[in-house]
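Engineer: missing the sequence, but the structure's below:
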Ligand code: NAD
């Protein structure tokens, strides 16, 4: 059924992408890319379901035989954000169903229709009523959240969203001792060393920073450039940003869409003004785009950033690239790790020893070396520190929805 659901998503990719663009705003081509990425979780976990293995264990007690089986954890409450209206849902439902769980998925208030379309496709795939349940909530989100977390029927909560809401849900889940997986906020460091290939680094930074107008949890947020390459990088990077076309997601040639709502625009603007007031220089952008609509903000590049600015400590979640200058590897690793969160981190270098050293030193759950694209259904996705715990995708993703039962047979 999961395989069939995957196929239905592929067959209806155009319509799903239209819905995603309509309610999220991302350009249609990006929305289509998301549908493929989202559907792949169903295919991947449909293939992984037969590989849920137990163990045979040599018992310490004579006469006993010990083995384990894995069982579905039970009913799962799934709560997801709007930035990937389809993929954040399928990344949870895929492994949950593959493990044998049933789910109650609360879709985000900003993008409920993509979720509704997925529900319809689940129905067409033959998934029995009651196995996959979708809830929409707008005014009463908190009430729905506390109902899910306080229910004893729900045995697990998997949440993707902000760190603040994650902490709240964790507290609310304490009384019913749920199994939890949390994919929370990031503030990704993106480091370019002097020995990097400039073109690759610029392309990687553009992809990582400006995908979905900066509204992904693994987006580069703090771009650290070593002093020997700083000016050259700033110039080449800004030049690329000049080529962006901002507009409505259905418009031909549009590369970047709006932000999700006015609160997002306000936060982005706050980070830009704060940086400017403290001496940073805007190289391009920096303003709202009222002619296009109230949720549009210009793709922005700022140089001469310093570590005491707001952008250095808070996830911007918007199209603003702040460039920090650094001198040494030790200094940049220290600054990169100076964050409560640790989701993704990136760096560009052609020195093999440095690649190992820095990858090991970064306090994050995922590292991209010489690439700005790290999301893959086959690779574990997740963070450390306040970016949460648990992994999605990959063979580890299914474990989040399973429990181990130990069976001991005596009298042998
Ligand atoms: P958010 O935490 O406000 O909302 C996420 C989801 O939680 C939505 O469905 C929302 O309706 C729901 N929610 C909000 N308050 C709730 C409550 N009291 N009880 C139950 N549910 C509640 O986050 P957002 O602003 O929509 O999304 C952006 C955040 O998500 C960013 O911080 C981003 O980094 C993070 N994110 C993380 C990942 C990841 O995999 N780590 C992926 C995407 C987004």
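Structural biologist: Sure thing, it's come through. On a predicted model such as this, the values are computed, not experimentally measured, just so you know.
Engineer: Contact partners for the closest residue to the ligand within the chain?
Structural biologist: The chain approaches the ligand most closely through residue 145 (2.1 Å), counting by C-beta to the nearest ligand atom. Heads up, the C-betas are built off the backbone N, CA and C, glycines and all. Taking C-beta atoms under 8 Å, 6 or more residues apart in numbering, we find residue 145 in contact with 79, 106, 165, 168, 169, 172.
Engineer: Now do the phi/psi pair for it.
Structural biologist: Main-chain torsions, residue 145, degrees, to the nearest 10: phi -60, psi -50.
Engineer: Which members of the contacts of residue 145 are classed as buried?
Structural biologist: Among the contacts of residue 145, those classed as buried by neighbour count (16 or more other C-beta atoms under 10 Å) are 79, 106, 165, 168, 169, 172.
Engineer: how near is the first one to residue 386?
Structural biologist: So the one you mean is residue 79. 17 Å (C-beta to C-beta, to the nearest Å).
Engineer: before we move on, what about the fourth one?
Structural biologist: The gap separating residue 168 from residue 386 is 13 Å, by C-beta to C-beta.
Engineer: repeat for the second one
Structural biologist: In this structure, residue 106 lies at 22 Å from residue 386, with C-beta to C-beta as the measure.
Engineer: Nearest residue to residue 58 in space, please, no chain neighbours.
Structural biologist: residue 66 (7.7 Å; C-beta to C-beta, 6 or more residues apart in numbering).
Engineer: What is the neighbour count of the one you found?
Structural biologist: 15 (other C-beta atoms under 10 Å).
Engineer: list the contacts for it?
Structural biologist: Residue 66 sits next to 56, 57, 58, 59, 406, 407, 408, 409 when contact means C-beta under 8 Å, 6+ apart.
Engineer: name the element it belongs to?
Structural biologist: According to DSSP states H and E, residue 66 maps onto strand 65-72.
Engineer: who does whichever helix or strand comes after that strand touch, helix- and strand-wise?
Structural biologist: For strand 65-72, the succeeding helix or strand toward the C-terminus, using DSSP H and E, is strand 75-79. The helices and strands touching strand 75-79, judged by 3 or more C-beta pairs under 8 Å, 6 or more residues apart in numbering; DSSP states H and E, are helix 87-99, strand 102-107, helix 141-150, strand 154-160.
Engineer: hmm, 10 Å instead?
Structural biologist: Contact partners of strand 75-79 among helices and strands, from 3 or more C-beta pairs under 10 Å, 6 or more residues apart in numbering; DSSP states H and E: helix 87-99, strand 102-107, strand 132-136, helix 141-150, strand 154-160, helix 163-172, strand 179-183.
Engineer: what angle sits between the second one and strand 75-79?
Structural biologist: Okay, so that is strand 102-107. Orientation note: strand 102-107 sits at an angle of 10 degrees relative to strand 75-79 (axes from the mean of the first three to the mean of the last three C-alpha atoms, to 10 degrees).
Engineer: what are the pairing partners of strand 102-107, and which direction each?
Structural biologist: Looking at strand 102-107 with DSSP bridges, its partner strands are strand 75-79 (parallel), strand 132-136 (parallel).
Engineer: Most tightly packed of those?
Structural biologist: Stretch with highest mean neighbour count among the strands paired with strand 102-107: strand 75-79 (a mean of 26; mean count of other C-beta atoms under 10 Å).
Engineer: quick one on the thing from earlier: need the strands paired with strand 102-107 in JSON lines (columns: mean pLDDT and distance to residue 303).
Structural biologist: What follows is the strands paired with strand 102-107, written out as JSON lines (pLDDT from 0 to 100; distance: least, C-beta to C-beta, whole Å):
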{"stretch": "strand 75-79", "mean pLDDT": "98", "distance to residue 303": "38"}
{"stretch": "strand 132-136", "mean pLDDT": "96", "distance to residue 303": "43"}
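Engineer: So which of these is nearest residue 203?
Structural biologist: Using C-beta to C-beta as the measure, strand 75-79 is the one of those that comes nearest residue 203, at 34.1 Å.
Engineer: Around the ligand, which positions in the chain sit nearby?
Structural biologist: Counting by C-beta under 6 Å from any ligand atom, the chain comes close to the ligand at 79-83, 88, 106, 108-109, 141-142, 145, 160-162, 165, 168, 183-186, 217, 315, 317, 343, 383, 387.
Engineer: Apply 5 Å and report the result again.
Structural biologist: Applying C-beta under 5 Å from any ligand atom, one finds that the chain approaches the ligand through 79, 81, 108, 141-142, 145, 160-162, 165, 183, 185, 217.
Engineer: Quick one: buried ones out of those?
Structural biologist: Buried by 16+ other C-beta under 10 Å: 79, 81, 108, 145, 160, 161, 165, 183, 185, 217, out of the residues of the chain next to the ligand.
Engineer: Next, residue 372: phi, psi?
Structural biologist: When quoted as degrees, to the nearest 10, the phi and psi of residue 372 stand at phi -100, psi 0.
Engineer: Next one, pLDDT for it please.
Structural biologist: Note on residue 372: pLDDT of 96.
Engineer: Distance of it relative to residue 380?
Structural biologist: Separation of residue 372 from residue 380 (C-beta to C-beta): 18 Å.
Engineer: who's more crowded, the two?
Structural biologist: Each of residue 372 and residue 380 has its neighbours counted (other C-beta under 10 Å); residue 372 has more, 25 against 15.
Engineer: Mind listing what's buried along the helix ranked longest in the chain?
Structural biologist: Identified as the longest helix of the chain according to DSSP state H is helix 28-48. Within helix 28-48, the residues that count as buried by 16+ other C-beta under 10 Å are 28, 30-35, 37-46, 48.
Engineer: Determine the angle, from 0 to 180 degrees, between it and helix 87-99.
Structural biologist: 10 degrees.
Engineer: any idea of the mean pLDDT in whichever helix or strand comes after helix 28-48?
Structural biologist: With elements assigned by DSSP H and E, the helix or strand that comes after helix 28-48 is strand 56-57. Strand 56-57 shows a mean pLDDT of 98 in the predicted model.
Engineer: what does stretch 195-210 give?
Structural biologist: The pLDDT scores in stretch 195-210 average 97.
Engineer: for stretch 268-287, same thing?
Structural biologist: Taken as a whole, stretch 268-287 has an average pLDDT of 98.
Engineer: so who does the closest residue to residue 74 other than its chain neighbours touch?
Structural biologist: Once flanking residues are discounted, residue 74 sits nearest to residue 155: 3.4 Å by C-beta to C-beta, 6+ apart. Contact analysis of residue 155 by C-beta atoms under 10 Å, 6 or more residues apart in numbering lists 72-77, 101, 176-179, 401, 403.
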